[in-house]
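Participant: Predicted model, plus sequence, below.
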Amino acid sequence: MSYTIYLSGEIHSDWREQIKQGIEQLNLDIDVLGPITDHDSSDHVGVKILGTEENSFWKDHKAAKINALRTQNYISRSDIVVVRFGDKYRQWNAAFDAGTAYGLGIPVIVMHAPELTHPLKEVDAAALAVTETPQQVVEILEYISQE
């Protein structure tokens, strides 16, 4: 079985690399898509391409729309969306991605620490799996990839 997955969420740790390495080590037929993870590039793409803004709202607005071109396209092309919520920052964009995938009927796997269970209860309720580690995600992918 082959899949395309989108890895959404927290960009301050190597969880994406761990999942990619696990997929590679197990030789799973899975294509991995994701957002631009260079924080500075993502935050400044709008003003870099479309011109500076005095108001930070419009700076963020431009960047968000350009980044959404990639995110919306990749989520809609995915068979599964994996959403990681880190404990250091609030990832509203990750919650939005999970809701977008859910609304499109694309299965969601959520990953977060146990301490975030209460604030993410609605997101967890919509997910088909709630995990804590990249290894658990890889094991799920291995299981569903069986022929």
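Facilitator: Perfect, I can see it now.
Participant: In which helix or strand does residue 81 reside?
Facilitator: Per DSSP states H and E: residue 81 is located in strand 80-84.
Participant: Toward the C-terminus, what is the element adjacent to that strand?
Facilitator: Once the chain leaves strand 80-84, the next helix or strand it forms, by DSSP H and E, is helix 92-103.
Participant: Give the other helices and strands that whichever strand in the chain runs longest contacts.
Facilitator: Taking DSSP state E as the criterion, the chain has its longest strand at strand 3-9. Under the contact definition 3 or more C-beta pairs under 8 Å, 6 or more residues apart in numbering; DSSP states H and E, strand 3-9 sits against helix 15-25, strand 30-33, helix 56-77, strand 80-84, helix 92-103, helix 134-144. Heads up, the C-betas are built off the backbone N, CA and C, glycines and all.
Participant: okay, the ones you listed, which one's buried deepest?
Facilitator: Highest mean neighbour count of the helices and strands packed on strand 3-9: strand 80-84, a mean of 25 (counted as mean count of other C-beta atoms under 10 Å).
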